[in-house]
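Enquirer: I would like to see how this sequence folds:
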Amino acid sequence: MNPGATRPARRRLLASALAIPLALALAPDARADLVSTLARVKPSVVGVGTYQRTRSPAFVFRGTGFAVGDGMSIATNAHVLPDQVDSAKLEQLVVVLPGDGLTGAVRPVRVVASERAQDLALLRLEGGPPLPALRLAGGGSVVEGQEVAFTGFPIGAVLGMTPVTHRGIVSAITPIAIPQANSRDLNPALIRRLATDPFRVYQLDATAYPGNSGSPLYDPATGEVIGVLNMVFVKSTKEKVLSDPSGISYAIPVEYLQRLIAAQR
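Expert: Modelled structure (predicted):
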């Protein structure tokens, strides 16, 4: 402390020095927030796939989903859904609730809505009790640098039907497609994105895997969903060369999911 400072000045310096550790002590611990949030998020996350009792394996995993609304609706990516289900062979579209080991409870679902332009789909549980639904955040609340987390099934059922959580930040809010310097780099999907789907997506500094498609992207402190993880759809037009996990992932903003849900009312 400066010996030449006046007594009031020394008191102010002392108070300022004491305030710094006190502020650090009172600052919320993001890790503690996520620990408590996970207890609420994980029961809402499911695996999406097809089930056929006579097939081996009986359950074929296709992606992740999560409960919304009244707990009977499941949100996921449209590309997670199969082109068709062979009902003649008793194949069903199902979700699997997380369980210990490699299996969990299987519940049949039906497709309520599918929006290919934003790669989102809404499923409906057929019978049984509702799941705890995740709360959707208000649109436009996401900013670059914001901390986020997502929970799903990376690499599918290979690691078992136990939800896995990753965390990172929103590194950019970016157009879904970028213009190409050479016309030879254009493809039909990219042309459609540039012409008709100029919406923006969240670029994340976090590594996701194909099994994470459809995972909820949420605020670690509150558990509010701010987006839906997406691997195949965005990379096919934005970063086609990134076929392997690179530390860059993408999510569809939650407002597009909200529109899809609202259209069913």
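
Enquirer: quick check: Arg40 is in a helix.
Expert: Yes. The assignment for Arg40 is a helix, going by DSSP: H, G, I helix; E, B strand; the rest coil.

Enquirer: leaving out the residues flanking it, which one is nearest to it?
Expert: Gly223 (5.2 Å; C-beta to C-beta, 6 or more residues apart in numbering). Every C-beta, even on glycine, is put in place using the N, C-alpha and C of the backbone.

Enquirer: helices along the chain, start to end?
Expert: 7-26, 30-41, 188-196, 232-235, 254-262 (DSSP state H).

Enquirer: quick check: the nearest residue to Val111 once chain neighbours are set aside vs Val143, distance?
Expert: Closest residue to Val111 apart from its sequence neighbours, by C-beta to C-beta, 6+ apart: Leu123 at 6.0 Å. Applying C-beta to C-beta, to the nearest Å, the value for Leu123 to Val143 is 31 Å.

Enquirer: the two - which one has more neighbours?
Expert: Taking other C-beta atoms under 10 Å, Leu123 and Val143 do not tie; Leu123 has more neighbours (26 against 8).

Enquirer: hang on, isn't that one packed against Gly65?
Expert: Yes. In terms of C-beta atoms under 8 Å, Leu123 counts as a neighbour of Gly65; the distance is 6.6 Å.

Enquirer: identify the contacts common to those two.
Expert: The contact sets of Leu123 and Gly65 overlap at Val48, Ile74, Ala75, Thr76, Val95 (C-beta atoms under 8 Å, 6 or more residues apart in numbering).

Enquirer: low pLDDT regions in this protein?
Expert: 1-32, 99-103, 139, 157-159, 177-198, 231-247 (pLDDT under 70).

Enquirer: Ala72: how many residues sit nearby?
Expert: If you look again at residue 72, you'll see it is Met, not Ala. Neighbour count for Met72, taken as other C-beta under 10 Å: 19.

Enquirer: now do the one 4 residues further on
Expert: The tally of other residues near Thr76 (other C-beta under 10 Å) stands at 32.

Enquirer: just the one 3 residues further on next, same as before
Expert: Applying the criterion other C-beta under 10 Å, we find 19 residues in the vicinity of His79.

Enquirer: mind checking how far it is from Pro220?
Expert: 27 Å.

Enquirer: cool, and Ile74?
Expert: 22 Å.

Enquirer: compare these two (neighbour count), which wins?
Expert: Counted by other C-beta under 10 Å, Ile74 and Pro220 do not tie: Ile74 has more neighbours, with 27 against 22.

Enquirer: thought the more buried one was touching Gly63?
Expert: No. The pair Ile74 / Gly63 is not scored as a contact, 10.8 Å apart, by C-beta under 8 Å.

Enquirer: mutual contacts of these two, please.
Expert: Residues touching both Ile74 and Gly63 (C-beta under 8 Å, 6+ apart): Val48.

Enquirer: which of the residues in stretch 62-74 are buried?
Expert: Buried positions in stretch 62-74, judged by neighbour count with 16 or more other C-beta atoms under 10 Å: Arg62, Gly63, Thr64, Gly65, Phe66, Ala67, Val68, Gly69, Met72, Ser73, Ile74.
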